[in-house]
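**Q** Give me the fold of what follows.
(2 chains)
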Amino acid sequence: MSVYDNLVGMEEVLDEFIVETTELLEEVNEDLVHLESDPDDDLVNRIFRAFHTFKGTCGFLGFTQAKDVAHVAEDILNQLRNGKIQPSSAIIDNLLESCDWFSQFINDVKEREEKDYEIAPLIAKLEAARDGAEAPVASVPANGSPAAEEPAGGEEVAAGNGKPVDEALEETDGQAVETAPPAENGEPVAPLPEVAREESASDLIHHIDDQMTKASQQVTTDNVGELSTYFDQLISYCNQLQLPKMAHVIEKTHDYLVAVEKGKLDPSADGNVAIVEAMQWIKEILEDAEDGKPVDAGNSVLVDDIEVLLHGPSTAKDSKGKRGDQKAQATPAQTIRVDMERLENLMNLAGELVLSRNQLGQAYTDLSAVKTSDASIDNLDQVNNALGRITTEIQEAVMQMRMLPISNVFRKFPRVVRDLSKAKGKEVELVLIGEETELDRSVIEAISDPLLHLVRNSVDHGVETPDIRRAKGKPEIGIVTLKAAHEGNHIVIEIEDDGAGIDADKLVAKALEKGVIGSVEADTMTQRDKLNLIFKPGFSTAAKVTDVSGRGVGMDVVHTNVSKLNGSIDIETKIGVGSKMTIKLPLTLAIVTGLKVAVWDEEYIIPFSSIIETVKLDKSALTKVEDKWVMRFRDSVVNTLYLDDWFEVKSKRNEDQEYYAVVVSVAEFRYALVVTGLKGQEEAVIKPLGQVLGRIPGIAGGTIGGDGVITLILDIPELVQSMGLG
Amino acid sequence: MNKDLGRKPVVLIADDSSTVRKFVSFSLKAHNLDVITAVDGMDALEKLSQTPVVDLIIVDLNMPNMDGFEFIENVRGSDTYGNVPIIILSSERGEQSKQRGLSIGADAYIEKPFDAKNIKYQVAKFLNID
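**A** The predicted model follows:
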């Protein structure tokens, strides 16, 4: 019997499971990459909870294999949480692998496919990771005392047999001397600094006291380094003795000292008070311990005080939530999930409302032209204005509902960059800027893959390997910056790297070799044209096709996708310095601001996002080449199309008629569209043409004007393509 | 409908997993119960304070911001809700968390993987319905 047979009637629950797991997986992927570079208890807890949730939900839905994977992963997180293992790169790898497994599994659940997965190897790997540090015995030097006693033994000493903590600290301390560097997960750990070998916790406190007294209770640039070392040592004592709460407080104190040491914070009176308080508090605990009282205690007041010092007053209340927890705290209660279909429906209704409003406006104008002095007409004017305002607000509100922050796409990239740079033996830092920038959900979906490709390209082809970078005098760590920002009705996304740059002449040579261009063409190319060669289908600059970027999805696909969104893409590059790709996209696909043009008796709207400029047509600039018109335009030649020809509009061509050329761009290529008149700006809600007409190439849809007349909106990229000009 | 109450009983579910919330509300709504959901202990306390009457609380143990234990202690310390029955729904293994939960005032403990039948059984027991 299939697992899905038991879930009949529970589709709703299963769908929720898919949504929740997918979201949590994204979060976990992001958190794991973050954890690798910046170990943090809150992150570990969050990841733990995610796997814990997987375990629970997979369990009751009957996905036993998934539950097993989640279970071992949860165990690993538990070990991390208890400080028994460290988030080494190998452990992160293992956990990421389990995330990948889950992604695959969730995809199968989406298809309601039940498989017998080969999970034994993964489980074995995870178990090894989990156990790797549980028994560090193997790597302890021969003269060491059995390390297996250490974690459990430590706890007993502190809590169980009632020895004063100070003595206990010294015992563990002594052990540290004997066992020397404990190995965690096969990675050598630096031996404890000199102080740790000789001094007990109370000695350390004594030192801290000493330092503070000397500096008259002040943290100064002279003593901060030493203080921070002592506090650091106290943390390792607490960890050895499994006093996590106490360790947490001391860690915060240590964080503060490090911030001062690194110059991120200036020493302050409040800081001095906090350090003195911390010292007093630790002293008291040590004294209590001597009386046999329980030892592990937190101090939320002190932690809050230090949080304020570190991050400002706003963080004081949730000293727990450093990163995501804040986010989690702020949002879930106030958000609900809405079916996309319902939202689309609402969007359509809002569109209808705009059209009705426009018609009402038109009716009012007509009416007021006939009846000028009538109180009811004035009244109608007011109502009409109010309705207009509210309609605009409703429309904006609905648009707002469809907006999502671009972090929905960006959040995938840290993992991608991590895995790819590791595979390529490169060191790359990914910098994300403007993650909160919002854009329409449909645009987000469409831009996700192109961005992924560009980011991969930057890491794969852009950033050089560390030895090459060193040889060039560059920092070994390459930087890839992903930046999003609003610019009017557009969003601009930049992907920049400080890598090798793109050699335009090499591109030309390659294109010649592949027969993408001819030698005559090559001679007349501008720098821009040359760089744009990478967007040509079948063009790959990598000397050999790598398993990363060379997957058949090339830059031409990026180009096509961006064009489809009415967007443009631009390349800037400097050899040896780096490259920058700039993508410009409209914020939404549902509303178009465009230029209304006349083609004899017909009118069309051309989206502004495609328009470069409009000029009066100079017939002397036109030439016919092989049946097609081309126009000289600002030192270049652009393909030209008479719209009346194309749409078979009844033409009244005569010698006196003035024509205009609307120069449009599709990605980086330019075209001229010839029209007979320019009518002005129009804001149009795109409506599909309906099933009878279906999709007409080159037409994005129609819009109904205030006068009830339908105007067609052109889809320039599609138009260009269907003309065979692209 | 509960004869004693003369109205639909109200159940509060606190669990950080939306799947679990959906599953439990799905199972209970079919039996004509009103269900209120909360994403963690903190949220659950807020929901409690906003709801005029709650007849039963079902709570997870491992949640962010405020865990189940802390939540239960808070509820039991309250004058208004101190006596509302509490069922723990948890995937924590072992006697320890069960004992701890029961000792601070929970009335029952259901271990994940749980099935709808067991939840319904426990709920029916506490709400005195069929």
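
**Q** in chain A, which residue is closest to the centre?
**A** Compute the mean C-alpha point of chain A, and by C-alpha atoms, centre = their mean the closest residue is residue A:410, 1.7 Å away.

**Q** Quick check, it in contact with residue A:480.
**A** No - shown here, residue A:410 and residue A:480 do not form a contact pair, counting by C-beta atoms under 8 Å, at 11.8 Å. (Glycine included, C-beta is placed from N, CA and C.)

**Q** In the stretch 351-500 of chain A, what residue comes closest to chain B?
**A** Closest contact between the stretch 351-500 of chain A and chain B, by C-beta to the nearest C-beta, is at residue A:408 (17.7 Å).

**Q** Any residues of chain B in contact with chain A? List them.
**A** With C-beta under 8 Å from any C-beta of the partner chain as the criterion, chain B comes near chain A at residues B:16-20, B:22-23, B:26, B:38-39, B:42-43, B:46, B:62-65, B:91, B:112-115.

**Q** From the residues you listed, keep the buried residues only.
**A** The neighbour-count test (16 or more other C-beta atoms under 10 Å in any protein chain shown) marks B:16-20, B:22-23, B:26, B:38-39, B:42-43, B:62-65, B:91, B:112-114 as buried among the residues of chain B next to chain A.

**Q** Who are the contact partners of the residue nearest to the centre of chain A?
**A** Taking C-beta atoms under 8 Å, 6 or more residues apart in numbering or on different chains as the definition of contact, the neighbours of residue A:410 are A:432, A:435, A:482, A:484.

**Q** and the gap between residue B:9 and residue A:391?
**A** Here the distance between residue B:9 and residue A:391 works out to 44 Å (C-beta to C-beta, to the nearest Å).

**Q** Which of those two has more residues huddled nearby?
**A** More crowded of residue B:9 and residue A:391, by other C-beta atoms under 10 Å in any protein chain shown: residue B:9, with 23 against 18.

**Q** where does the closest residue to the more buried one other than its chain neighbours fall, phi/psi-wise?
**A** In space, and not counting its chain neighbours, residue B:9 is closest to residue B:55: 4.3 Å by C-beta to C-beta, 6 or more residues apart in numbering or on different chains. Comment: the main-chain dihedrals of residue B:55 come out as phi -100, psi -20, following degrees, to the nearest 10.

**Q** so which strand or helix has residue A:467?
**A** Secondary structure assigned from DSSP states H and E places residue A:467 in helix A:466-471.

**Q** which parts of that helix are buried?
**A** Going by neighbour count (16+ other C-beta under 10 Å), the buried part of helix A:466-471 is A:466, A:469.

**Q** Could I get the average pLDDT for the helix or strand following that helix?
**A** As assigned by DSSP H and E, the chain's next helix or strand after helix A:466-471 is strand A:478-487. Within the predicted structure, the mean pLDDT of strand A:478-487 is 91.

**Q** Now do the SS call for residue B:52.
**A** Secondary structure assignment for residue B:52 (DSSP: H, G, I helix; E, B strand; the rest coil): coil.

**Q** Quick check, central residue of chain B?
**A** residue B:58 (1.0 Å).

**Q** Tell me who's in contact with it.
**A** For residue B:58, the contacting residues are B:11, B:12, B:13, B:14, B:15, B:24, B:86, B:87, B:89, B:119, B:123, taking C-beta under 8 Å, 6+ apart as the criterion.

**Q** and those, which of them are in helices?
**A** B:24, B:119, B:123 (DSSP state H).

**Q** Switch those over to a markdown table; also include pLDDT, neighbour count and distance to residue A:564.
**A** Rendered in a markdown table, the data for the ones in helices among the contacts of residue B:58 read as follows (pLDDT from 0 to 100; neighbours: other C-beta atoms under 10 Å in any protein chain shown; distance: C-beta to C-beta, whole Å):
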| residue | pLDDT | neighbour count | distance to residue A:564 |
| --- | --- | --- | --- |
| B:24 | 88 | 25 | 44 |
| B:119 | 82 | 19 | 49 |
| B:123 | 87 | 24 | 52 |
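
**Q** closest to residue A:245 among the residues you listed?
**A** Distance to residue A:245, by C-beta to C-beta, is smallest for residue B:24 among the ones in helices among the contacts of residue B:58, at 32.7 Å.

**Q** tally of neighbours for the residue nearest to that closest one when sequence neighbours are not counted?
**A** The shortest distance from residue B:24 to any residue that is not its chain neighbour, by C-beta to C-beta, 6+ apart, is 5.1 Å, and that residue is residue B:13. Neighbour count of residue B:13, defined by other C-beta under 10 Å: 24.

**Q** Contacts only, for residue B:13.
**A** Taking C-beta under 8 Å, 6+ apart as the criterion, residue B:13 is in contact with B:20, B:21, B:24, B:25, B:35, B:36, B:37, B:38, B:57, B:58, B:59.

**Q** Got phi/psi on residue A:681?
**A** Reported as degrees, to the nearest 10, the phi and psi values for residue A:681 are phi -80, psi 150.

**Q** Same check on residue A:119?
**A** As for residue A:119, its main-chain torsions (degrees, to the nearest 10) stand at phi -90, psi -10.
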